[in-house]
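S.K.: only geometry, no sequence info:
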């Protein structure tokens, strides 16, 4: 596995090294240009004096005559090597006696013959170091009659440039070393918290959900730490809910199973009379239905959370749906002395899974009955609002506390005073309504009652 730290260090070092090298190259170019340009300007200024002196006092004679008679005027008080060429580029005079002039290695002379002041930097055969030559055209009446050429050594200037570059290279090396050290410190400040978070995540993954990250920073790593802690809290809550759910389901399953087993033993006796037999079979049948309902609800929940539910949608009339629910719930309402008032003026066909919608409303009405008192009232009203059907169920039962209300649709959640078997009924309703692209809203106040809204869009076909 590649280390992020190594990759980060490699990237930073490459950036610093490349930047330092580039800056040193640019610095060398600019320093060299600065010193060479100054040397050229110095030579030109001296040549200006010599040329002005020549034009003022010696221009009436030919160049050859001036070399014989006034040659000292060209290098008087001048420490540079002086060369004079005629109008054809032939060397007439060299102040140090050099006579092996190579025209091909002196492009400045060729340009000066065309009337340009030019510079050349290079090496000559009679000197070990580089030299700079500046060629200046001598003109009389606008015509080039010869070339004045000053040559000076660049040994001292190159030495100064080398010293400056050595200083800057030393500084650059120090900067590079400092950059590497700071990069290591920076990389550690980033990688170490990540390693710490990785260890915390491994402990959480192994089942230790009590461990928490102690990193508290106002950056992305701090956010990751907070997210990891939040995830652990949520998993702990889910784990607790799951354990409570398993415990609750086990208890709910044990009760009917105990009743069935007890009555089976009782009915197996030869002394059991017919009345007791009828009572026992009735209780066994009810408890079996109860178990079947619980198992079916658990299977529905499992299919819903695993996205394995497929809706069997078809066209049906709202009136038929409400009529079925009324015929199903009225007997129970009378038995429990609860006034069930159903109002529906909607005569509309929708495209939905009618059996799942029945399951939703029966579940909601079942809760309204469970949490109501004898003599209570439950209202079921149906409205059409634009392109939606709104189902509203009101009860004047015990209501839901403010603390429990936001969690009432969560999986496995059971309120403090809940009479629910397993805490998944409303979560199943919520999943079914979402599959129909609907809305599921619950409003409640403790001790006053609960209002449930189910809003389903009218769809003619898919």
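M.R.: Done, it's in. A quick note: this is a predicted structure, and the numbers were derived from the prediction, not measured.
S.K.: Which SSE is immediately downstream of the lowest-mean-pLDDT helix or strand in the chain?
M.R.: Scoring the helices and strands of the chain by mean pLDDT, DSSP states H and E places helix 72-75 at the bottom, with a mean of 57. With elements assigned by DSSP states H and E, the helix or strand that comes after helix 72-75 is strand 81-86.
S.K.: Looking at that next one now, give me its mean pLDDT.
M.R.: Taken as a whole, strand 81-86 carries a mean pLDDT of 85.
S.K.: And it, what does it pack against?
M.R.: With contacts defined as 3 or more Cβ pairs under 8 Å, 6 or more residues apart in numbering; DSSP states H and E, the secondary structure elements packing on strand 81-86 are helix 63-70, helix 72-75, strand 91-94, strand 143-153. C-betas here are computed from N, CA, C, even on glycine.
S.K.: Pick out the shakiest of the ones you listed, pLDDT-wise.
M.R.: That would be helix 72-75, which, of all the helices and strands packed on strand 81-86, carries the lowest mean pLDDT at a mean of 57.
S.K.: and residue 355, what does it touch?
M.R.: Applying Cβ atoms under 8 Å, 6 or more residues apart in numbering, one finds that residue 355 lies in contact with residue 312.
S.K.: And it, what's its pLDDT?
M.R.: Predicted confidence (pLDDT) for residue 355: 86.
S.K.: Please apply the same query to the one 10 residues further on.
M.R.: Reading off the per-residue confidence, residue 365 sits at a pLDDT of 90.
S.K.: For it, which non-adjacent residue is spatially closest?
M.R.: In this structure, residue 365 finds its nearest non-sequential neighbour in residue 329, 5.3 Å apart by Cβ to Cβ, 6 or more residues apart in numbering.
S.K.: Burial check on the one you found, number of neighbours?
M.R.: When counting by other Cβ atoms under 10 Å, one arrives at 21 neighbours for residue 329.
S.K.: ok, longest helix in the chain?
M.R.: Secondary structure of the chain read by DSSP state H shows that its longest helix is helix 4-57.
S.K.: Tell me where the model's unsure across the stretch 201-350 of the chain.
M.R.: Scanning the stretch 201-350 of the chain with the threshold set as pLDDT under 70 gives 241, 245, 248-249, 251-252, 300-309.
S.K.: Helices of that one, start to end?
M.R.: Counting by DSSP state H, counting those that start in this stretch, the segments of the stretch 201-350 of the chain that form helices are 220-267, 274-305, 318-335.
S.K.: ok, residues contacting the last one?
M.R.: With contacts defined as Cβ under 8 Å, 6+ apart, helix 318-335 is touched by 339-340, 342, 344, 346-350, 354, 357-358, 361-362, 365, 369, 378, 380, 382, 389.
S.K.: Going through these, which ones are buried?
M.R.: For the contacts of helix 318-335, a burial check counting by 16 or more other Cβ atoms under 10 Å picks out 340, 342, 344, 346, 350, 354, 357, 361-362, 365, 369, 378, 380, 382, 389.
S.K.: domain assignment for the protein?
M.R.: According to automatic domain parsing, the chain comprises the domains 4-159, 220-305, 314-457.
S.K.: Mind putting these into TSV with distance to residue 167?
M.R.: TSV is the format used below for the domains of the chain (distance: least, Cβ to Cβ, whole Å):
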stretch	distance to residue 167
domain 4-159	11
domain 220-305	41
domain 314-457	70
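S.K.: so who does residue 30 touch?
M.R.: Under the criterion of Cβ under 8 Å, 6+ apart, the contact list for residue 30 is empty.
S.K.: In space, what's closest to residue 94 - neighbours in sequence excluded?
M.R.: Spatial nearest neighbour of residue 94, chain neighbours left out: residue 83 (5.0 Å); criterion: Cβ to Cβ, 6+ apart.
S.K.: what sits against that neighbour?
M.R.: Residues in contact with residue 83 (Cβ under 8 Å, 6+ apart) are 91, 93-95, 98, 101, 147-151.
S.K.: Tell me what it is bridged to.
M.R.: Taking DSSP bridges as the rule, residue 83 bridges to residue 94, residue 149.
S.K.: Find the nearest non-adjacent residue to residue 209, please.
M.R.: residue 236 (4.7 Å).
S.K.: cool, residue 188 as well?
M.R.: Of all residues not flanking residue 188 in the chain, residue 5 sits nearest, at 7.5 Å (Cβ to Cβ, 6+ apart).
S.K.: Counting neighbours, what do you get for the one you found?
M.R.: By the criterion of other Cβ under 10 Å, residue 5 has 17 neighbours.
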